[in-house]
Structure formats: C-alpha cells, structure tokens
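In: This is a predicted model, with the sequence first.
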Amino acid sequence: MSSDAHSILDRMLCFEVYSTEHAFARLYKALLAPYGLTYPQFLVLVLLWEQCPQTVNGLGGQLGLQSSTLTPLLKRMEKAGLVVRTRDPEDERRVRVSVTAAGKALRANVHDIGRCVADATGMEEAELFDLMRSLRRLRGGLQGSVLTGVSLSD
C-alpha cells in the first residue's frame, strides 16, 4: 500500500467507522463466544431483557434489521432455547418474541460485557457518552440524507 493510499483512508470518516465496527465485532466475538452467542443474538437478548415480549417488527426497528435478516436469527435462537416465537392471538400476522428461562439466565453471565467493552476502548465515561451522542447525530443525518434522496449531482 502506498503512503498516498494510506493518507486517503486516514481522511475518510466512513473508513474510521467501518474499521472501528470491525474492531468491535472482534471484541464482542471473543467476549460472547463462551456463551455461544453472536453479537446480533446478544442485542436481541438485551432488548428482550429490557422489555418482553416484543414483536419481530419492533425488534427489527430497534436493531435496524429487516425481517428477512431477523427471522433466521430468531429461529436459531429459538432452536438454542433462548427465545420463543408465538403468533399474536389478536393479529395472526404479528409474531411476538419472548425470552426463555435459559435466555434470562444468560443475563447474569454476560452482565460485565458492557464494562469490559468500555474498558477496552481506553476512553473515559464522559468521552464515550460524547462519542455516542455524536454517532447518533451522524447516523440521523445519514438516514435523513438517504430519505431525501441526496445524490452526487445535488
């Protein structure tokens, strides 16, 4: 790689976000592997621990995942005994997801993961909150741009 190529990447915000996401993925993979969880499965459990049951659409909206991605994930979690999916008796089109006793038991095992990740960043709590606030603003701006159809010709 030439030094010019490296300097171009150094100036690309998208590359910083992309490479940071990969670093997070590697860290979470190592932390969650002993519990047989993937990062998306962990996120589903976190949401269900907070509010249970939830609909597939509700989970997808919070996670930014489409049903076509979330359904196979939930099927694997159900097969592993972590969640149960049931049809909503009031609307058969809606599927509700609940955490099982085995899924609830994992909560005690993984409760320190957030602290481990925060420690691994090497950043102070205030810095992390500022960063999260900035990332939310960035994401909102990007999502707004996609919705308004921003293009190179604008």
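Out: Ah, there it is. Everything quoted here is computed from the prediction, not taken from an experiment. Residues are numbered from 1 along each chain as shown.
In: where in the protein is pLDDT low?
Out: Where the chain drops to pLDDT under 70, the residues are 1-5, 147, 149-154.
In: Strands of that one, residue ranges please.
Out: Taking DSSP state E as the criterion, the chain carries its strands at 54-55, 83-88, 91-99.
In: Dump the ones you listed to JSON lines, plus distance to Gly61 and mean neighbour count.
Out: C-betas here are computed from N, CA, C, even on glycine. Formatted as JSON lines, these follow (distance: least, Cβ to Cβ, whole Å; neighbours: other Cβ atoms under 10 Å):
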{"stretch": "strand 54-55", "distance to Gly61": "9", "mean neighbour count": "18"}
{"stretch": "strand 83-88", "distance to Gly61": "16", "mean neighbour count": "15"}
{"stretch": "strand 91-99", "distance to Gly61": "13", "mean neighbour count": "15"}
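In: quick one: which of these is nearest His22?
Out: strand 83-88 (27.3 Å; Cβ to Cβ).
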